[in-house]
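Trainee: generate a structure from the sequence data that follows.
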Amino acid sequence: MGVKALDKGKVRLGKSTAKPFNTKGRIRNLDNWKEHYQMEAIKNEFEQSGIIRLNNFFPPNIIFPVQERIYTSFEKRGIRKNDKWQYNDNNFLDLPESEEKLIRRELKKRKELRSFDNDNLLNLVSMISDNRITSTEGEQKGPWQILITLPNTTKWVVPYLMWHLDFPRLPNNQLPGVQMFTFLDSVKPQGGGTLVVSGSHQLLNNQRFISSKEVKKTLKREEKYFTKLFSRQVENREKLLLENGKAGDVNLRIIELTGEPGDLYLADLRLLHTIAPNASNIPRLMLTNRFFCEDSMNLWRQNISVKC
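Mentor: Numbering: from 1, shown residues only. As a prediction, the model looks like this:
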């Protein structure tokens with residue numbers, strides 16, 4: 001089973017593909033979001049798996065202006081016309097990587113992104129982090145990032161090489177922060193959605209500062225699940241998405257971030273994750289940001305200053 005999707009006060013076990021709400025179930029504004037979700041269930045799930053999904057957290061009036069800006073950028077470059085994607089002879093979209101970066105740069109400071117900075121998102125992140133994240137100002141929140149992955153393959157597999165952490169393991173089981181992902185268009189299975197190993201945030205804590213490279217090396221050496229995940233010799237790697245694993249008493253599973261516009265994922269920054277191929281026929285369009293725990297960032301900066 002996939003990550004739990006929570007909506008309208010109910011906890012549902014399901015696959016990681018979210019279904020859109022009907023109009024009746026939609027949160028028309030973010031003022032009443034607590035009425036739609038079970039807060040205790042959210043927090044418990046986050047502690048156990050390191051990731052939660054909330055269906056339809058952001059309403060259309062926040063999502064679609066950003067989506068339209070992206071579509072306009074694609075249209076200017078000729079890969080979208082009259083609401084249709086323009087494929088080449090190989091059924092891919094011709095767009096140089098330099099142009100992808102330019103699109104992301106163009107959109108990075110658009111005023112439409114400010115709508116995602118709201119107290120309800122901050123309150124939710126603060127709640128699941130035990131109030132260690134209390135502000136979106138300054139260094140406690142990163143910049144908004146548009147994630148674009150064009151169709152790039154006809155065969156989808158679970159990668160073996162690109163698994164990583166964005167921050168080192170901190171001592172004393174410190175949570176560095178929380179990363180949010182939302183969808184600007186539908187992202188279906190095998191459509192380029194980020195992959196995370198749920199439960200991996202519980203491993204190799206209470207030790208010392210450990211780099212991403214060291215974490216991978218240690219887990220590959222000591223845990224069979226990761227030995228297999230990180231090995232290029234494993235065949236039929238797409239089947240790894242269906243396998244449950246264990247490291248000690250910690251349950252592990254690969255979660256593919258899929259969903260509909262406005263669905264929200266919140267992920268512990270200690271989770272191992274990777275980019276994934278896009279074997280669909282539409283671009284993966286997502287938005288992400290990171291919220292940092294002040295005490296953890298201070299600890300991290302102290303460690304860096306000592307090494308320097």
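
Trainee: from what I see, Glu106 and Ile70 are in contact.
Mentor: No. When contacts are counted by C-beta atoms under 8 Å, Glu106 is not listed as touching Ile70 (9.4 Å). Every C-beta, even on glycine, is put in place using the N, C-alpha and C of the backbone.

Trainee: compare the two (neighbour count), which wins?
Mentor: The neighbour comparison of Glu106 against Ile70 (other C-beta atoms under 10 Å) goes to Ile70, with 22 against 15.

Trainee: what about that one, distance to Leu107?
Mentor: Distance check for Ile70 against Leu107: by C-beta to C-beta, to the nearest Å, it reads 7 Å.

Trainee: now for these two: what residues contact both?
Mentor: Common neighbours of Ile70 and Leu107, using C-beta atoms under 8 Å, 6 or more residues apart in numbering, are Ile146.

Trainee: for Glu180, what are its contacts?
Mentor: Not quite, residue 180 is Met, not Glu. Leu121, Val125, Leu264, Tyr265, Leu266, Ala267, Thr288, Asn289, Arg290, Phe291.

Trainee: now with 10 Å?
Mentor: 54, 57, 116, 121, 124-125, 141, 144, 264-267, 287-291 (C-beta atoms under 10 Å, 6 or more residues apart in numbering).

Trainee: from the chain's centre, how far out does the strand or helix carrying it sit?
Mentor: Assigned by DSSP states H and E, Met180 belongs to strand 177-183. Centroid separation between strand 177-183 and its chain, computed with C-alpha atoms, centre = their mean, to the nearest Å, is 5 Å.

Trainee: ok so, going back, can you list residues touching both of Glu106 and Ile70?
Mentor: Joint contacts of Glu106 and Ile70 (C-beta under 10 Å, 6+ apart) are Ile146.

Trainee: let me know whether Asn205 touches Pro171 as I believe.
Mentor: Yes. Here Asn205 reaches Pro171: they are 8.2 Å apart, a contact under C-beta atoms under 10 Å.

Trainee: how about the contacts made by the closest residue to Leu219 other than its chain neighbours?
Mentor: Closest residue in space to Leu219, ignoring its immediate chain neighbours: Phe226 at 4.0 Å, by C-beta to C-beta, 6 or more residues apart in numbering. Contact analysis of Phe226 by C-beta under 10 Å, 6+ apart lists 163, 197, 200, 203, 215-220, 245, 247, 252, 272.

Trainee: for the buried ones among those residues, write the corresponding PyMOL selection.
Mentor: Buried members of these, defined by 16 or more other C-beta atoms under 10 Å, are picked up in PyMOL with:
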select buried, resi 163+197+200+203+215+216+218+219+220+245+247+252+272
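
Trainee: next step: the contacts of Phe226 restricted to strands.
Mentor: Taking DSSP state E, the ones among these that sit in strands are Val197, Gly245, Ala247, Leu252.
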